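[1] Give me a 3D structure for the following:
(chains A and B, ligands or ions: 4)
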2 protein chains.
Amino acid sequence: ERIQVPLQADGQAAVHPACASLPDRQCHHPLANITENARLARCENTIKERFDEIVPVLKDVAALSGLRDFTEQANRLAEQRLGHVFPTAVLENSWIRGVNIPMLYSSSVFAALVAGVEQFSQRIHQEQADGQSLDALLVDCGFHAVNVSACADGRLKGLFPYILRLPASNLLRRSAFAGTLFDVESDILDWQAAELRRFREGYPSTSDSGTRYLKVAVYHGSSLDPTHQGCAAHHSNEKVAMEAALERLNQFRQGIENAFCCGASTDILLIGLDTDTDAIRIHVPDSRGDLSLFRFVDNAEIYKNTLGMNADQARLAIYEAIENASDVGGWGQGEGKPHDGMRRLIANLLINNLSQIEYVAENYGGWYPDKGHGERFISIGDGFQELQVRNLAYFARLDTVEEGAADLDVGVKIFRHLNVEQGLPIPMAIHYYYDANVPGHKERVIAKLQRVSGAIRVRYAELLSAGMLFLHGSIQNHQLGSPLEEVSLP
Amino acid sequence: ERIQVPLQADGQAAVHPACASLPDRQCHHPLANITENARLARCENTIKERFDEIVPVLKDVAALSGLRDFTEQANRLAEQRLGHVFPTAVLENSWIRGVNIPMLYSSSVFAALVAGVEQFSQRIHQEQADGQSLDALLVDCGFHAVNVSACADGRLKGLFPYILRLPASNLLRRSAFAGTLFDVESDILDWQAAELRRFREGYPSTSDSGTRYLKVAVYHGSSLDPTHQGCAAHHSNEKVAMEAALERLNQFRQGIENAFCCGASTDILLIGLDTDTDAIRIHVPDSRGDLSLFRFVDNAEIYKNTLGMNADQARLAIYEAIENASDVGGWGQGEGKPHDGMRRLIANLLINNLSQIEYVAENYGGWYPDKGHGERFISIGDGFQELQVRNLAYFARLDTVEEGAADLDVGVKIFRHLNVEQGLPIPMAIHYYYDANVPGHKERVIAKLQRVSGAIRVRYAELLSAGMLFLHGSIQNHQLGSPLEEVSLP
Ligand SMILES: [Zn+2]
Ligand SMILES: [Zn+2]
Ligand SMILES: [Zn+2]
Ligand SMILES: [Zn+2]
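    Ligands and ions are numbered 1, 2, ... in the order given. Got it, this is the predicted structure:
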């Protein structure tokens, strides 16, 4: 089929920033990982199919309504096309008030979620091996911990496995907040934990090895429609989004330098994402570790400029692009280049992201068709490690509704439009990790989950009583590959 | 005046457990610190007088109502007897609907609070010197950090300066939770911070020095009326209160041992308080650090048994009592004695508390007349370091109303009885510390304070609109002696 070239905000047909020959001809970059792209496409498809089959199946189920063997026929459809049966009670009561589609819908969404987690927890051994080589790379680049905060926007949900190609690892922490407004105090605690581990266990590097803690913030914008499809928390103003993320980074770094003695210092890094093409830009620190909004490398440009080269040439050109960024004058002027390890890390992230640019080109023609929101459910709490796929979930990282109310409200607003206006309810999955090593922690996390669920019920009482909000609770031991444990919400 | 001997629950006149000659004759223990007791009495009196003068003054003010020069006369009274004038607008509107006593009451409570903080922040240098000698003692006893959690009950508000005689110190952390149900996860973070400081700064002891982190939990009961005036969170069942505190202690200790490698170990200590006499009991750990509900030393008994001795003999007898506790059989049986430093710390706490037992005898005849609740305001957030006086405040340590709702509701219930039933409003002071070293922290703490205040207004909307709830917001840099900064609550 012919690829549709999207129009820009000004009405002109867009030109793809990395592969200008689109839609006529695909580009093939020498550094793109074709096998991994194929695996990720299968992964994205299976996960999304589980969700996207639900509505068509339910339409067919609705058409069966009234048949004598309705329950059997409905369950046969469900088993064949969704991989699970419906809750019996719901089907059997259908003759009274008709099929309760909203309830079947949300139970199917939660079943898809559970099945998705189950499926991808089986990749655990591969994931662990990948994580170990990431750990080795990070230490090699001079980092003993990397803490990445991104925006809660569903379009960034694939940030780690897709956009940056970073597997789960012992040295990598992830979090998401609306507008990338991450929690500085909690990150300072995380810094302390990482430093202590180095001192006590010599892991992953000894305390005298000179490695650094790296804090990364990821903001986003839209190249096709910058003033409407950017970061909602910053009113689609990319400059404001950048500044907000950079301000938090500086507060974090300065806070540690001020509050801890003996030369406590950290590295910071700022990354921008174009949610239409998944191309990133990386702001290059100077020799003092300082960042500028105006000093960065643009990976779409790198892709384009290195297309005709062989792999070695391309790699070299990427290092050169990073060096050139450091020489920029004017507003972006800094003091020299960052340290070697930082340049290597940046190069690695750029190379990883080249594959993703090509992924979006091959699977979507260069630009995602869902340039706006298209999330399947709202994810509350710690989020699901196994379900990191673009637009699969709107993710609100929160411990209390009181603190996370703004993030939650944004999610509910999105889903009023996506689901409620279509007559479908909002599925909300609350999920927390616990540490099985700490006695009583599991019980306390269950209590917390039930408290959060209670507060959500109070906040959205109207949606709830209208049958337009369904909640699902689950917990998981924090060790990679642990099974999902469902928690009943009284 | 003649001291009233209280009746026990069974109707019999009580016999004081430490000084049996009461009410006829005061006891004088050789180890009681008479000068410090006198200073503390002055301190308690000035702070409480500021609060307790408010109602009598307001009664007089009410009687002035209607006079031509009402505003001047009311303010003269206020200045003379409360040390501050009333808010002008409130006085000047009095001719319309009468004097707004609830509003004058709460503004006076908050003024008393501000003045109390101001007054005691001037003792800062003495407090710092005391804190340094406590730090030295702790390190000498083998502890590099001591983290004490008590019940939020207002009768424990004087725990540190009065009952245990522990000044603010760098190595001492304090927290309060209804029923002593402290937050294990947050204490594990605190443990990490303390360990890191040792490794990075060699403070207060180097990492190879073998010192320990000590977690202490304080439960409470009532000797006069054990089944009614004990810990409300545990339905005045002292055994349940003890068990709950001990369970958390064990979870904390076990959690660290399990979750951290390389022999991460901590010490734990359990202390019981009789809120009628302020006498403590200390549960003595065995050689493995394990505690038992049935192995403890009772300080009222120690006071009584060592009354006739000289100071040296008494000190020796206390060490013997601790040793004897370790030899107890039956349910309290343990494996040998705790380490030397632990025994020295226990002895120090017991000796400190002897002064407090005598303090209560001299100032209140042995038993507090307010054996139940008599708090003057509800303290929310971090609490005021400078205002640690028995029954001055009901204290709810919380970061969100959602998590702290149960503790808050208990406080509001107490104050419905103490104030609202008398026609007086509930004064609630929200107070948080911030770290001036971390950029933006002050602003974030102000935002948090305003968020909490908003959630309180929602939860107690009825009280608020009835004019029966008044809020006050303030923050302070966490450095000892920093001024109180009032925060307006929109
Ligand atoms: Zn537009
Ligand atoms: Zn965003
Ligand atoms: Zn009673
Ligand atoms: Zn209590």
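
[2] A helix includes residue A:263, no?
    No - per DSSP: H, G, I helix; E, B strand; the rest coil, residue A:263 lies outside any helix segment and is coil.

[3] What about it, how many residues nearby?
    For residue A:263, the number of neighbouring residues by other CB atoms under 10 Å in any protein chain shown comes to 7. Yep, even glycine has a C-beta here, placed from its N, CA and C like the rest.

[4] quick one: it and residue A:250, what's the gap?
    Note on residue A:263: its distance to residue A:250, by CB to CB, to the nearest Å, is 18 Å.

[5] how about whichever residue of the stretch 201-350 of chain A sits closest to ligand 4, phi and psi?
    When scored by CB to the ion, the stretch 201-350 of chain A has residue A:259 as its residue closest to ligand 4, at 33.7 Å. Residue A:259 adopts backbone torsions of phi -90, psi -10, taken as degrees, to the nearest 10.

[6] How about the contacts made by residue A:167?
    By CB atoms under 8 Å, 6 or more residues apart in numbering or on different chains, the residues touching residue A:167 are A:127, A:130-131, A:134, A:160-161.

[7] Of those residues, just the buried ones, ChimeraX syntax please.
    Buried residues within the contacts of residue A:167, by 16 or more other CB atoms under 10 Å in any protein chain shown, are selected in ChimeraX with:
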select /A:127,130,131,134,160,161
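
[8] The residue of the stretch 201-350 of chain A closest to ligand 4 is in contact with residue B:439, isn't it?
    No - counting by CB atoms under 8 Å, residue A:259 sits too far from residue B:439 to count as a contact (10.1 Å).

[9] coming back round to it: what is the nearest of the contacts of residue A:167 to chain B?
    For the contacts of residue A:167, the minimum distance to chain B (CB to the nearest CB) is 19.0 Å, reached by residue A:131.

[10] in what helix or strand does that closest one lie?
    Element membership for residue A:131 (DSSP states H and E) is helix A:124-140.

[11] Between residue A:259 and residue B:439, point out the one with more neighbours.
    Counted by other CB under 10 Å, residue A:259 and residue B:439 do not tie: residue B:439 has more neighbours, with 19 against 14.

[12] Could you tell me the per-residue confidence at that one?
    According to the prediction, residue B:439 has pLDDT 94.

[13] what secondary structure does it sit in?
    Of the three states, residue B:439 takes coil under three-state DSSP.

[14] Could you look up the SS state of residue A:394?
    Strictly by three-state DSSP, residue A:394 counts as strand.

[15] show me the contacts for it.
    By CB under 8 Å, 6+ apart, the residues touching residue A:394 are A:152-154, A:373, A:375, A:377-379, A:410-411, A:414-415.

[16] Would you check how far apart it and residue B:321 are?
    Separation of residue A:394 from residue B:321 (CB to CB) stands at 62 Å.

[17] circling back: quick one: which of the contacts of residue A:394 sit in helices?
    A:410-411, A:414-415 (DSSP state H).

[18] What is the nearest of those to ligand 1?
    Closest approach to ligand 1 among the ones in helices among the contacts of residue A:394 (CB to the ion): residue A:414, at 16.8 Å.

[19] What is the burial count for the closest residue to that closest one other than its chain neighbours?
    Nearest-residue entry for residue A:414: residue A:373, 5.0 Å, with adjacent residues in sequence omitted and distances by CB to CB, 6 or more residues apart in numbering or on different chains. Using other CB under 10 Å, residue A:373 has 18 neighbouring residues.
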